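> fold the following.
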Amino acid sequence: MNPIFIALLLIPLAQGPAGGGGDVQAGKAIWESFNHDCRLCHGVRGEGGLGPDLAGHTLTPAQFMRAVRQPWGVMPAFSADKNISDQEVRQAGAYLASLTKVPEPGPWLTNVPANASERQRLMISYGCGQCHGQLMANPRRTAGGLGADFEWFKEEVYAHTTGEANRGRAHLRMGNYSPQRLGEDALHEIWQFFGVDQGLRANVSANISAGPASGNSVTYTITLSNGGTRGKGLAVENLTMFLPLPGGAGAAQQAGVTVTATTGAGYTGIRRDNYTNTEAAAWEIPYLAAGERRTYTLTIAGPTAGAGIARGYINWGKPRLGDGGMDVIPINVARAGAQ
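Numbering: from 1, shown residues only. Predicted coordinates:
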């Protein structure tokens with residue numbers, strides 16, 4: 001037989017069921033991109049986990065496309081305009097088809113804790129926990145900032161790509177769950193875990209920037225924000241802000257670092273913070289409404305003043321978490337003169 005004819009016959013086999021070599025390389029980049037969370041359920045190399053293994057699959061391009069657009073399991077349906085384009089689906093399918101099949105699926109990224117409630121087990125088993133962790137901490141901040149209720153939650157799950165909240169966003173990482181696969185009764189139990197058992201969180205954040213050094217003195221500016229929607233989001237009460245002074249644990253006095261000036265109401269001085277094991281500048285802030293922003297400054301002087309404040313945090317008394325504990329967020333601080 002003509003060698004050229006034989007080579008032409010072998011090309012489709014070399015390409016695999018979902019595309020050619022160019023698609024494979026592009027698909028690898030798509031699969032590994034943080035714009036898509038497929039790996040969280042299907043494994044870093046398609047070895048499976050909560051979702052089925054996909055490495056070495058033999059689906060045709062049409063079958064793979066249908067599995068993404070109209071999945072037959074609990075997996076959300078991913079849209080072409082908001083989640084992943086048809087071309088990207090074909091390329092990802094080609095990459096996965098090129099991989100070696102695995103003898104058995106990999107572990108879940110997020111496991112059900114041994115002491116999990118039935119509501120937490122449902123949340124993780126339906127896939128929410130693979131993206132959002134065992135406690136869904138970040139989505140609870142988003143929901144608290146909006147003053148969300150079950151109707152909001154239902155739209156986020158069933159109509160994530162088409163609902164009012166996300167209509168103006170160009171790209172979304174989550175698709176739409178099917179009410180037939182995840183029924184409303186089960187969804188309500190997940191909401192109870194999300195919004196009641198764990199509790200909605202206030203959408204509080206803080207940023208700190210360091211100005212240029214002036215001699216051995218540096219001024220740090222702290223911007224404290226409640227990113228919630230005015231009139232809807234959760235307000236916070238009885239906040240405490242701690243900024244450990246440079247120099248390491250217990251080193252403020254040893255290094256000769258002193259606070260020379262502050263602005264912003266509520267500064268209470270330097271106190272020992274057992275959580276960070278440091279001497280920390282502290283503020284007590286009675287109230288921060290949704291949509292409110294406040295600015296504080298801390299000027300310190302001494303040999304290590306420009307070393308940067310390595311860590312800090314804010315906690316608040318209300319609203320408390322569902323387990324009764326105080327909510328807390330970390331503060332990241334830039335070094336002096338950093339842009």
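
> need the residues that contact stretch 204-220.
Here stretch 204-220 makes contact (C-beta atoms under 8 Å, 6 or more residues apart in numbering) with 221-227, 236, 239, 241, 243, 260-261, 288, 297-303, 305-306, 308-309, 312, 314, 316, 327, 329, 331-338. All C-beta spots, glycine's among them, are computed from the backbone N, C-alpha and C.

> how about 6 Å then?
Defining contact as C-beta atoms under 6 Å, 6 or more residues apart in numbering, one finds that stretch 204-220 is touched by 221-226, 236, 297-299, 301, 305-306, 314, 329, 331, 333-334, 336-337.

> name the residues of it that come out as buried.
204, 205, 206, 208, 210, 211, 217, 218, 219, 220 (16 or more other C-beta atoms under 10 Å).

> re the thing from before, now restrict the contacts of stretch 204-220 to buried residues only.
Buried by 16+ other C-beta under 10 Å: 221-222, 224-226, 236, 298-299, 301, 305-306, 314, 329, 331, 333-334, 336, out of the contacts of stretch 204-220.

> of the residues you listed, which belong to strands?
221-222, 224-226, 236, 298-299, 301, 314, 329, 331, 333 (DSSP state E).

> ok so, going back, now render the buried residues of stretch 204-220 as a markdown table, adding pLDDT and distance to residue 180.
Listed next are the buried residues of stretch 204-220 as a markdown table, based on pLDDT from 0 to 100; distance: C-beta to C-beta, whole Å:
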| residue | pLDDT | distance to residue 180 |
| --- | --- | --- |
| 204 | 97 | 38 |
| 205 | 95 | 38 |
| 206 | 95 | 43 |
| 208 | 91 | 48 |
| 210 | 85 | 54 |
| 211 | 83 | 57 |
| 217 | 92 | 65 |
| 218 | 91 | 59 |
| 219 | 93 | 59 |
| 220 | 92 | 54 |
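
> out of the residues you listed, which are inside helices?
Among those, no member is found in helices (DSSP state H).

> and the two most separated of these?
Largest separation among those by C-beta to C-beta: 204 and 217, giving 29.2 Å.

> sorry, back to before: redo the buried residues of stretch 204-220 as a markdown table? Include distance to residue 139.
Shown next, in a markdown table, are those (distance: C-beta to C-beta, whole Å):
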| residue | distance to residue 139 |
| --- | --- |
| 204 | 15 |
| 205 | 15 |
| 206 | 20 |
| 208 | 26 |
| 210 | 32 |
| 211 | 35 |
| 217 | 42 |
| 218 | 37 |
| 219 | 36 |
| 220 | 31 |
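
> of those residues, closest to residue 31?
Top of the list for closeness to residue 31, among these and by C-beta to C-beta, is residue 205 at 31.2 Å.

> what residue lies at the spatial centre of the chain?
Against the mean C-alpha coordinate of the chain, by C-alpha atoms, centre = their mean, the closest residue is residue 138 at 5.8 Å.

> give me the element that residue is part of.
Element membership of residue 138, judged by DSSP states H and E, is helix 137-146.

> quick check: buried residues in whichever helix or strand comes after that helix?
Next along the chain after helix 137-146, taking DSSP H and E as the criterion, comes helix 150-158. Buried residues in helix 150-158, counted by 16+ other C-beta under 10 Å: 152, 153, 154, 155, 156, 157, 158.

> residues in contact with the fifth one?
The reference is to residue 156. Taking C-beta under 6 Å, 6+ apart as the definition, residue 156 has no contacts.

> coming back round to it: now the helix holding residue 138 against helix 150-158, angle please.
Taking axes from the mean of the first three to the mean of the last three C-alpha atoms, to 10 degrees, one finds that helix 137-146 is oriented at 140 degrees with respect to helix 150-158.

> what residues does helix 137-146 touch?
Helix 137-146 has contacts (C-beta under 6 Å, 6+ apart) with 132, 200, 201, 202, 203, 227, 228, 229, 233, 234.

> which parts of it are buried?
So, applying 16+ other C-beta under 10 Å, buried residues of helix 137-146: 139, 140, 141, 142, 143, 144, 145, 146.

> ditto for stretch 74-86
For stretch 74-86, the neighbour count (16+ other C-beta under 10 Å) marks 75, 76, 77, 78, 79, 82, 83, 84 as buried.

> of those, which is the nearest to residue 27?
Distance to residue 27 across the buried residues of stretch 74-86 (C-beta to C-beta) is lowest for residue 84, with 11.1 Å.

> quick check: closest non-adjacent residue to the closest one.
Counting by C-beta to C-beta, 6 or more residues apart in numbering, residue 78 is the residue found nearest to residue 84 once chain neighbours are left out, at 5.4 Å.

> fine by me, we can end here.
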